[in-house]
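**Q** what would the 3D arrangement of this be:
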Amino acid sequence: MPRTLERPAPSALPPAVRTVLATLHDAGFEAVLVGGCVRDLLRGVPVTDFDVATQAPPERVLTLFPRAIPTGLRHGTVMIPSGTRPIDVTTFRAGPRLEEDLAHRDFTINAIAWEPATDRWVDPFDGARDLAADRLRAVGSAQARFTEDPLRALRAARLVATLGLVPEPDLLPAMAEARLTLRRVARERVRHELGQLLLAPGVAAGLRLLRETRLETELAPGARDDAPAVVAALPPVLELRLAGWLRGTRVEAILAALRFGHRRSREIAQLLLRHPLDAQPLRGDADLRRLLARVGDDGVSGLLALRRAELTALAARDPAAAARDRAAVEALAERIERIQRAGALALHRTDLALDGRAVMTELGLAPGPAVGEALAYLAECVLEDPTCNTPEALRTRLHTWARTPRQERGRVGSVNFSPERGKS
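**A** Numbering: from 1, shown residues only. From the prediction side, this is the model:
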């Protein structure tokens, strides 16, 4: 049954928004609120930013608002700072009339205009009715709208995920047809839409729509069959949800193509490199301490979250297998938690009871690679046996290490020493 939408009162708008509209009106230009802000006002949810459509050309907007920033003059858009919320002012794009502008918007729910000063509503495509019915419908021809901007095909999946809408049947073939033309859209725009989709409460429905329309093969070829269910079972953290979606793919290449930052891409790739956590040879506590040293508490939490999400998805298909594997994962999590509760374990060189200066004093060394190798060795000693992290115990191990021929240092004590492995 369609929901009841309540039109907002003009007085509910922030004063800065009313001022922008009034200034444009006083200068002789039609100006209305449009797009997502009108949609969200009708839904009764907080508005993050406001969009104004106007007859005024961007050059005139800049003269009317000296603090305005020309963020997209090529598209006729000017941003007016207003404290907590930005106000984007865009010149009618399809001619001098508002109706012409609305006719070239993407979806009917975004083609509703409101003039608060007179409380005039313009809804030529019944967008309010579609919004009340949770229906996603293109303005006119879906194929024509996606040809104008192929990103709209991806936005359809994002709106399904964020608003819980049901797409009209004609959207699906149009989305599939837009798959190849999506390649010419700036990757930063694609990344923005994907980020919102992946963090949405209905992410599984959005990802399934990408798969059904083959957009996923363009964005993330090789994504696993269970990806929608796994991503939906993860906390709404972008790095985790990207990892859940991109398991089995050439993750770093995909993230680079989407212009994700190198650091974030590397963290996600490293997370997937160590996944699944319960398949790693983590036999003793020393192995777990080494894992914590390498990836940190957050990294281990991410690995556990990713594996638990997989098992949640698996439970729908094979409850017995999911229960068996979950028992192993939870046992591993308990072991890790016990080690974390034990406190500081010298997981990094800065936690050691001896620092680099002390190593140089003890061994008579000048600054150089040998100091780093010695610290790495001591870190490995403490990972093996946390109780030895005292100045006296580490001095003993340090001198034993220094007396050992270089080619035999990997066999000193019980530590399989590797300078590279010991780096933090």
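**Q** residues contacting the residue nearest to residue 125 when sequence neighbours are not counted?
**A** Using CB to CB, 6 or more residues apart in numbering and skipping the chain neighbours, the partner closest in space to residue 125 is residue 108 (4.3 Å). From N, CA and C alone the C-beta is placed, and that goes for glycine too. Neighbouring residues of residue 108 by CB atoms under 8 Å, 6 or more residues apart in numbering: 125-127, 130, 137-139.
**Q** now swap in residue 285 and tell me
**A** Residue 285 is in contact with 335, 339, counting by CB under 8 Å, 6+ apart.
**Q** ok, now how distant is it from residue 336?
**A** Distance, residue 285 to residue 336, by CB to CB, to the nearest Å: 10 Å.
**Q** what's the answer for residue 183, then?
**A** Distance from residue 183 to residue 336, by CB to CB: 43 Å.
**Q** and if you look at residue 257?
**A** Residue 257 sits 34 Å away from residue 336, going by CB to CB.
**Q** equivalent analysis for residue 208, please.
**A** 33 Å.
**Q** and for residue 177?
**A** Taken as CB to CB, the span from residue 177 to residue 336 is 49 Å.
**Q** residue 169 too?
**A** According to CB to CB, residue 169 stands 49 Å off from residue 336.
**Q** if we can go back for a sec, of residue 257 and residue 336, who's got more company?
**A** residue 336 (21 against 14; other CB atoms under 10 Å).
**Q** in stretch 59-76, what counts as buried?
**A** For stretch 59-76, the neighbour count (16 or more other CB atoms under 10 Å) marks 60-62, 64-65, 68, 76 as buried.
**Q** need the residues that contact it.
**A** Residues contacting stretch 59-76 (CB under 8 Å, 6+ apart): 20, 23-24, 27, 29, 54, 56-58, 77-81, 88-91, 93.
**Q** now do 10 Å
**A** Residues from elsewhere that reach stretch 59-76, judged by CB atoms under 10 Å, 6 or more residues apart in numbering: 19-20, 23-24, 26-29, 31, 52-54, 56-58, 77-82, 86-93.
**Q** list only buried entries from these.
**A** Buried subset of these (neighbour count, 16+ other CB under 10 Å): 20, 23-24, 29, 31, 52-54, 56, 58, 77-80, 82, 86-92.
**Q** just the ones in strands from the residues you listed, please.
**A** Using DSSP state E, the members of the buried ones among the contacts of stretch 59-76 that fall in strands are 31, 52-54, 77-80, 87-91.
**Q** what's the most distant pair in those residues?
**A** 31 and 79 (15.1 Å; CB to CB).
**Q** just say helix, strand or coil for residue 118.
**A** Here residue 118 is recorded as coil under DSSP: H, G, I helix; E, B strand; the rest coil.
**Q** what helix or strand does residue 210 sit in?
**A** Assigned by DSSP states H and E, residue 210 falls within helix 203-212.
**Q** sorry, that was for residue 392
**A** helix 391-403.
**Q** go on, residue 124?
**A** Under the criterion DSSP H and E, no helix or strand holds residue 124.
**Q** and the strands in this structure?
**A** 31-33, 50-54, 69-72, 77-80, 87-91, 113-115, 120-122, 135-136, 166-167.
**Q** what's near enough to touch residue 17?
**A** 10, 33, 37, 47, 50, 52, 80, 82, 85, 87, 116.
**Q** farthest-separated two in those residues?
**A** Within these, 10 and 80 form the most distant pair, 18.7 Å apart (CB to CB).
**Q** thinking again about what came up before, going by distance to residue 355, which of the ones in strands among the buried ones among the contacts of stretch 59-76 wins?
**A** Distance to residue 355 across these (CB to CB) is lowest for residue 79, with 50.4 Å.
**Q** follow-up on the earlier one: average pLDDT for the helix holding residue 392?
**A** Per-residue pLDDT over helix 391-403 has a mean of 85.
**Q** tell me what that helix is packed against?
**A** Identification of packing neighbours for helix 391-403 by 3 or more CB pairs under 10 Å, 6 or more residues apart in numbering; DSSP states H and E yields helix 356-363, helix 369-384.
**Q** for these, give me JSON lines that also has mean neighbour count and mean pLDDT.
**A** Shown next, in JSON lines, are the helices and strands packed on helix 391-403 (neighbours: other CB atoms under 10 Å; pLDDT from 0 to 100):
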{"stretch": "helix 356-363", "mean neighbour count": "15", "mean pLDDT": "86"}
{"stretch": "helix 369-384", "mean neighbour count": "21", "mean pLDDT": "81"}
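**Q** which of those helices sits closest to residue 156?
**A** Per CB to CB, nearest to residue 156 of the helices and strands packed on helix 391-403: helix 369-384, 50.4 Å.
**Q** low-confidence ranges, the chain, go.
**A** Residue ranges of the chain with pLDDT under 70: 1, 343-350, 408-424.
**Q** domain parsing for it?
**A** Listed domain ranges for the chain are 10-132, 135-273, 277-341, 349-422 (source: automatic domain parsing).
**Q** check the offset of the third one from the chain's centre.
**A** Put plainly, it is domain 277-341. Centre-to-centre, domain 277-341 and its host chain are 23 Å apart (CA atoms, centre = their mean, to the nearest Å).
**Q** report the buried residues of the longest helix seen in the chain.
**A** Counting residues, the longest helix found in the chain (DSSP state H) is helix 285-315. The neighbour-count check on helix 285-315 (16+ other CB under 10 Å) flags 285-286, 288-293, 295, 299-315 as buried.
**Q** hmm, back to that, which among the ones in strands among the buried ones among the contacts of stretch 59-76 gets closest to residue 41?
**A** Set against residue 41, the nearest of those by CB to CB is residue 52 (13.4 Å).
**Q** pull the contacting residues for the closest residue to the closest one other than its chain neighbours.
**A** Spatial nearest neighbour of residue 52, excluding adjacent residues (CB to CB, 6+ apart): residue 89 at 4.6 Å. For residue 89, the contact set (CB under 10 Å, 6+ apart) comprises 20-21, 24, 31, 50-54, 56, 58, 61-62, 64-65, 68, 71, 76-80.
**Q** leaving out chain neighbours, which residue sits closest to residue 360?
**A** The spatially closest residue to residue 360, leaving aside those adjacent along the chain, is residue 371, at 6.0 Å (CB to CB, 6+ apart).
**Q** hmm, I was thinking of residue 182
**A** Residue 182's closest residue in space is residue 150 (CB to CB, 6+ apart), at 4.5 Å.
**Q** repeat that for residue 402.
**A** Once flanking residues are discounted, residue 402 sits nearest to residue 363: 5.3 Å by CB to CB, 6+ apart.
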